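Q: Requesting a structural model of the entry that follows:
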Amino acid sequence: MPKKQLGNKKNKQSNFAKLSIFQPNKYKFKKSCPLSAKNAPTIDYKNIKLLKKYTSENGKILPSRITNVSQKKQRELSLSIKRARNLALI
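A: Residues are numbered from 1 along each chain as shown. As a prediction, this is how the structure comes out:
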């Protein structure tokens with residue numbers, strides 16, 4: 001009968017390495033901004049249908065990590081939402 005190899009730890013992983021939290025993400029994909037693409041609607045305070053997509057039910061502006069909007073477009077979006085609020089359009 002062959003003996004078991006005791007020194008072969010290269011093939012075995014520790015418990016921490018098996019958890020997905022500690023492993024690097026292999027399938028990272030780039031999120032694209034929906035307002036920067038071709039044929040994207042322009043951000044304007046008069047476009048109420050677009051502005052309501054980026055506000056919650058309570059009227060708060062949704063963060064860009066949820067909506068995947070770029071930083072530049074998020075600033076424009078928040079400014080136009082605030083303008084529409086002041087004019088009582090929303």
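Q: And the most centrally placed residue in the chain, what's its pLDDT?
A: With distances taken as CA atoms, centre = their mean, Arg65 lies nearest the centre of the chain, 3.5 Å away. Per-residue confidence (pLDDT) for Arg65: 90.
Q: what do you get for Ala37?
A: 89.
Q: That one: neighbouring residues, count only.
A: Applying other CB atoms under 10 Å, we find 8 residues neighbouring Ala37. (C-beta placed from N, C-alpha, C; glycine too.)
Q: mind checking how far it is from Gln71?
A: Per CB to CB, to the nearest Å, Ala37 is found 16 Å from Gln71.
Q: Give the buried residues for the top helix by length along the chain.
A: If you go by DSSP state H, the chain has its longest helix at helix 71-86. The neighbour-count check on helix 71-86 (16 or more other CB atoms under 10 Å) flags 73-74, 76-78, 80-81, 84 as buried.
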